[in-house]
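*Asks:* let's see this in three dimensions:
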Amino acid sequence: MVREAVIALEMRGIVEVRGRAGIMILPSKLSQVSFDLSGSDIGPSPFELLEARLAIGSSAAALAAERATNYDISVLEECIAQMEQETEVVLLQEKGDRDFHMTIAGMTNNAIIVSMIEALWAQRDESLMWKKLHEHIHAESVRPLWIGDHHAIVSALRMRHPDAAYKAMARHIRNVTNELLEADERGRVVTE
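*Replies:* Residues are numbered from 1 along each chain as shown. I've put the predicted structure just below:
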């Protein structure tokens, strides 16, 4: 929670994070500081969104494994192929990744799960904190890991193995969480 609060203050231009030097209050903003949040909803933190994705997305993958068709698997493989082609695309704008996860949601044949996962993606897209953290992600190093995670998810779905699908999706979301935590730390060191 402290991490998200600091990011929110940084986004508002109230503080600047300077690595080992600490957090500095920006003098030009001292007289303008307002802690009235009624007009500014910064939404859920990236880590809250990932926690929800871990709970919902992993369970959706398990259910999808029970209902997967060969056609579903081929669509997922196309999504991965698209992700592999999106090397020049900013991580937040990857269509292949979103389509992959929405396809799994659709494979559950449960409209509530689809709408929940769709809402989580929409909140991610609107989150200023998510965008701020993504500024420090080294896309070249994480893309291969995340694409590998997606291959593992497809393998579990192809085997129609709910437990393996759940674990593969959970591993992927934990990898994303870990990378965001590391990106936040890198961002603090970079601003030193």
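*Asks:* the chain: helices as residue ranges?
*Replies:* Assignment of helices within the chain using DSSP state H yields the ranges 2-11, 46-67, 70-85, 95-107, 111-126, 128-134, 139-158, 162-190.
*Asks:* what's the closest of these to Ile25?
*Replies:* With CB to CB, the closest approach to Ile25 among these belongs to helix 2-11: 8.7 Å. Every residue, glycine included, has its C-beta placed from N, CA and C.
*Asks:* got the buried residues for stretch 117-127?
*Replies:* By neighbour count, with 16 or more other CB atoms under 10 Å as the criterion, the buried positions of stretch 117-127 are Ile117, Leu120, Trp121, Gln123, Arg124, Ser127.
*Asks:* go ahead and confirm the second one touches Ile56.
*Replies:* Yes. Proximity of Leu120 to Ile56 meets the contact threshold set by CB atoms under 8 Å, at 6.9 Å.
*Asks:* so can I have CSV of the buried residues of stretch 117-127 showing pLDDT and distance to Gly106?
*Replies:* Shown next, in CSV, are those (pLDDT from 0 to 100; distance: CB to CB, whole Å):
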residue, pLDDT, distance to Gly106
Ile117, 96, 9
Leu120, 93, 15
Trp121, 92, 13
Gln123, 90, 19
Arg124, 88, 18
Ser127, 83, 24
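*Asks:* just curious, which of these is nearest to Ala164?
*Replies:* The nearest one, if we look at the buried residues of stretch 117-127 relative to Ala164 and count by CB to CB, is Ile117, at 19.7 Å.
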